[in-house]
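In: fold the stuff below for me.
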Amino acid sequence: MTTLPPLLATSASSAQGAGGWGSVGREQAGRGPAGVGVADRSAAPTGRAEEAAGAASSQLKDAAGKPLSQEDARKVKELEARDAEVRRHEQAHKAAGGQFARGAPTYEMTRGPDGRSYATGGEVKIDTGEVPNDPEATIRKMQQVRRAALAPESPSAQDRRVAAEASRKEQKARAELRELERAAESYAGQAAEPQKSMLDALG
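Out: Reported below is the predicted structural model:
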């Protein structure tokens, strides 16, 4: 979490302080239409492979109902694969983000030679703000934000930036919690049986 503001909207760099937002998955868009035509750089199919490609292209039609060329048919197949990959990526952010993922994933669409639109990029908005006056809750929240950002099989650079920002906020909250615990111990004096640290419970 897909910026954590615009994994999963603003960029991760804008996710500062309480009420911050992030988007995870946005850099999927960078691979968007560029993913189309990857197969075009490979050697053209020959023999049975060429016949199969020709058969596939004859079953695919453009918006006017005309059969697609072999090249356009390959592009459609690539767009279909890209669409499935992007949707899996963003849904992984959404599922892991839980209550901190706001709304459904949004997608950047590319129109294919067949006239249909395919997802070639996307993002999930994640609430990355610190919990005011509650470092323990902030720690738990940032742990989930980091899980959401890194949930896809192949996190993007943006996803990793969001995860790093969540880790930074978690460490800040841990330092604040230690200060609170030290202040409480000083106020209470020497306890007969010191209570287990909240940090120990958080792991």
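
In: just the buried positions in stretch 81-88, please.
Out: Arg82, Asp83, Glu85, Val86 (16 or more other Cβ atoms under 10 Å). For the C-beta atoms, the positions are set from N, CA and C on the backbone; glycine is no exception.

In: if you average pLDDT over stretch 97-106, what comes out?
Out: On average, the pLDDT along stretch 97-106 is 95.

In: ugh, typo on my part, it should be stretch 74-93
Out: 97.

In: do stretch 123-130 as well
Out: Averaged across stretch 123-130, the pLDDT comes to 96.

In: cool, stretch 24-40 as well?
Out: Per-residue pLDDT over stretch 24-40 has a mean of 42.

In: before we move on, the earlier item: quick check, nearest of the buried residues of stretch 81-88 to Lys172?
Out: When the buried residues of stretch 81-88 are compared for distance to Lys172 (Cβ to Cβ), Val86 wins out at 32.9 Å.

In: residue contacts, that closest one?
Out: Gly25, Gln28, Tyr107, Ala119, Thr120, Gly121, Gly122 (Cβ atoms under 8 Å, 6 or more residues apart in numbering).

In: report the buried residues of the biggest helix by length in the chain.
Out: Taking DSSP state H as the criterion, the chain has its longest helix at helix 157-188. For helix 157-188, burial by neighbour count (16+ other Cβ under 10 Å) applies to 158-163, 165-166, 169-170, 173-174, 176-177.

In: what does Met109 show for phi and psi?
Out: Note on Met109: its backbone torsions stand at phi -110, psi 150 [degrees, to the nearest 10].

In: tell me where the protein has helices.
Out: Using DSSP H, helices in the chain cover 47-59, 70-97, 135-149, 157-188, 198-202.

In: could I get those helices as a markdown table with distance to Ile126?
Out: Listed next are those as a markdown table, based on distance: least, Cβ to Cβ, whole Å:
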| stretch | distance to Ile126 |
| --- | --- |
| helix 47-59 | 39 |
| helix 70-97 | 5 |
| helix 135-149 | 6 |
| helix 157-188 | 7 |
| helix 198-202 | 20 |
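
In: between those, which gets the lowest average pLDDT?
Out: For the helices of the chain, where the average pLDDT is lowest is helix 47-59, sitting at a mean of 51.

In: just to revisit the earlier point, name the nearest of the buried residues of stretch 81-88 relative to Arg111.
Out: Closest to Arg111 out of those is Asp83 (12.0 Å), distances taken as Cβ to Cβ.

In: so the closest one touches Gly122, yeah?
Out: No - the criterion here is Cβ atoms under 8 Å, and Asp83 misses it with Gly122 at 9.9 Å.
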